[in-house]
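[1] using only what follows, build the 3D model:
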Amino acid sequence: MIFSIIIISISLSIDALGIGVSYKIKGVRIQREAKAIIGIVSMLMMLVAVMIGRHMSYYMPEDVCKIVGISILVLMGASIIRNSINHEEENTYDRDHSMEITGIEAILLALALSLDSVSAGIAVAAIGLGNLIIPVCVGLTQMFFLALGEWLVGRFHQLQNLNSKVCGLFSGSLLILIAIIRAIN
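    Got it, this is the predicted structure:
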């Protein structure tokens, strides 16, 4: 269960690594406060989704919940992979062109980064992993990956070639892997 929680947190946060790398390359700084806002919004979105998924599981048979949850994870994984292949570059959330992500920009970025968490939170709860540790792990992992992306570019300049396609392929594959593992168990 802990392994699944870690994999889910990484999968839902890997795009934050891509954002951290991309923004550092562009010279856009993500303030500490902005990272905290992103983590908190991600945590809250995941918490609401897990609660919805848990509530659904009270009204549906366990097998149906498991099938629904696994299906959502596979569809999400496939969708993330498809989107990462079809889209070249992510949106820029530095609306005021200040070269810093602050305030409302952080909230907009957090909402974009945590949209996957809504479906995943419902799916995770439906397959029986819906405890309240997951939202905390997802929020912390989002903040960590944003900082890690910035640090990696500063440390290893060859990572400037890392793009959102690689992160999307990895993230989508992890979600499909979790679905397969849950289907087998």
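
[2] doesn't Ser79 belong to a helix?
    Yes - counting by DSSP: H, G, I helix; E, B strand; the rest coil, Ser79 is part of a helix.

[3] roughly how far apart are the closest residue to it other than its chain neighbours and Leu12?
    Excluding the flanking residues, the one nearest Ser79 by Cβ to Cβ, 6 or more residues apart in numbering is Gly172, at 7.4 Å. The C-beta positions use only the backbone N, C-alpha and C, and glycine is treated the same way. Distance, Gly172 to Leu12, using Cβ to Cβ, to the nearest Å: 11 Å.

[4] these two: which is more packed in?
    Leu12 (32 against 24; other Cβ atoms under 10 Å).

[5] next structured bit after the strand or helix carrying the more buried one?
    Using DSSP states H and E, Leu12 sits within helix 2-26. Using DSSP H and E, the helix or strand that directly follows helix 2-26 along the chain is strand 29-30.

[6] Arg82 is in contact with Lys165, correct?
    No - contact status for Lys165 versus Arg82: not in contact, 11.2 Å apart, counting by Cβ atoms under 8 Å.

[7] more neighbours, the two?
    Lys165 (17 against 12).

[8] give me every residue that touches the more buried one.
    Taking Cβ atoms under 8 Å, 6 or more residues apart in numbering as the contact definition, Lys165 lies against Ser84, Ile85.

[9] and the strand or helix carrying it, which residues are buried?
    Assessed by DSSP H and E, Lys165 sits inside helix 164-184. Across helix 164-184, burial judged by 16 or more other Cβ atoms under 10 Å covers 164-165, 167-168, 170-176, 178-179, 182.

[10] what does stretch 72-86 give?
    Buried, per 16+ other Cβ under 10 Å, within stretch 72-86: Ile72, Leu73, Val74, Met76, Gly77, Ile80, Ile81, Ser84.

[11] export that stretch as PDB, just CAs?
    Only the C-alpha atoms of stretch 72-86 are listed here, as PDB (Å, rounded to 0.1, in the frame of the first residue of the first chain):
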ATOM      1  CA  ILE A  72     -10.200   5.500 -14.700                       C
ATOM      2  CA  LEU A  73      -6.500   5.000 -14.000                       C
ATOM      3  CA  VAL A  74      -5.900   3.300 -17.400                       C
ATOM      4  CA  LEU A  75      -7.900   6.000 -19.200                       C
ATOM      5  CA  MET A  76      -6.000   8.800 -17.400                       C
ATOM      6  CA  GLY A  77      -2.700   7.200 -18.100                       C
ATOM      7  CA  ALA A  78      -3.500   6.800 -21.800                       C
ATOM      8  CA  SER A  79      -4.800  10.300 -22.000                       C
ATOM      9  CA  ILE A  80      -1.700  11.800 -20.300                       C
ATOM     10  CA  ILE A  81       0.500   9.800 -22.700                       C
ATOM     11  CA  ARG A  82      -1.600  10.900 -25.700                       C
ATOM     12  CA  ASN A  83      -1.500  14.600 -24.600                       C
ATOM     13  CA  SER A  84       2.200  14.500 -24.000                       C
ATOM     14  CA  ILE A  85       2.800  13.200 -27.500                       C
ATOM     15  CA  ASN A  86       0.500  15.700 -29.200                       C
END
